[in-house]
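Let me see the structure of the following:
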Amino acid sequence: MFPRTVALVNSALMLSADTPLPAADIARAAGVAYTPALSALTTLEKRGLVRRSRRAGHEEFEANTHDVHYPMAYASALVDLPVLEAVRGQRVYAIYAYGSLAQPGGGTRQSDLDLMIVGDIKNRLTVTERLNEIGQRLHRAIDPFYVSPEQFESSKERGDPQVASALAGVRIMGSA
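Below is the predicted model of the structure:
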């Protein structure tokens with residue numbers, strides 16, 4: 001596990017793995033100040049997870065998709081997304097990232113992040129708004145799909161393809 005700032009920077013960078021970004025853009029997407037973001041990028045670079053390059057006289061950073069630890073860093077990026085802040089105050093039992101962005105290097109710039117949120121969500125509008133704020137910072141739409149624990153278990157038993165896809169994705173929190 002990474003320290004919090006490194007984790008937030010890793011999340012912002014990994015979800016933009018197809019595009020090299022300046023440190024300021026990564027800091028903004030991660031929701032952290034520039035200097036701590038640059039320090040986090042240096043830490044990730046030392047670990048081989050980030051590549052630094054220069055274009056038009058400016059430094060840019062991108063995920064090192066060729067590093068053997070890239071799949072693990074990508075999965076950590078999903079787990080470390082601040083989605084728990086978005087569901088604060090709700091009875092959430094599990095959250096899964098699924099679809100194209102649940103795979104290392106998956107998706108395109110236009111891909112949204114699919115989340116299955118299992119719980120008794122009383123205020124879906126507030127949770128959706130909070131997720132939209134996170135998505136705006138990351139320049140990714142976040143598409144939540146809410147199911148109750150009973151619906152989830154019933155769908156799992158029936159072999160529902162959406163639940164199967166969620167279970168094959170990345171568990172952000174909770175148990176299977």
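
ok, now which ones touch the residue nearest to the spatial centre of the chain?
Centroid-nearest residue in the chain, with Cα atoms, centre = their mean: residue 78, separated by 3.3 Å. Contacts here follow Cβ atoms under 8 Å, 6 or more residues apart in numbering; on that basis residue 78 touches 11, 14, 97, 101-102, 170, 172. Backbone N, C-alpha and C define where each C-beta goes, glycine included.

go on, residue 134?
81-83, 85-86, 142.

per-residue confidence for it?
pLDDT recorded at residue 134 is 91.

what about it, is that helix, strand or coil?
On the three-state scheme (DSSP: H, G, I helix; E, B strand; the rest coil), residue 134 is labelled helix.

Check the gap between the residue lying farthest from the centre of the chain and residue 161 for me.
The C-alpha centroid of the chain is most remote from residue 57, which lies 29.7 Å away (Cα atoms, centre = their mean). For residue 57, the distance to residue 161 equals 49 Å [Cβ to Cβ, to the nearest Å].

How about residue 20?
Distance from residue 20 to residue 161, by Cβ to Cβ: 35 Å.

Could you do residue 139 as well?
Residue 139 is 28 Å from residue 161, by Cβ to Cβ.

cool, and residue 112?
Using Cβ to Cβ, we find residue 112 at a distance of 18 Å from residue 161.

re the thing from before, so for residue 20 and residue 161, which sits in the more crowded spot?
Just comparing residue 20 and residue 161: by other Cβ atoms under 10 Å the higher neighbour count belongs to residue 20, 18 against 9.

For the more buried one, give me its contacts.
So residue 20 contacts 53, 55, 60-62 (Cβ under 8 Å, 6+ apart).

Can I get those residues in TSV including neighbour count and secondary structure?
Below are those laid out as TSV (neighbours: other Cβ atoms under 10 Å; DSSP: H, G, I helix; E, B strand; the rest coil):
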residue	neighbour count	secondary structure
53	10	strand
55	9	strand
60	17	strand
61	24	strand
62	18	strand
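
quick one: secondary structure of the residue nearest to the centre of the chain?
Put simply, residue 78 is helix when judged by three-state DSSP.

for residue 173, same thing?
For residue 173, the assignment made with three-state DSSP gives strand.
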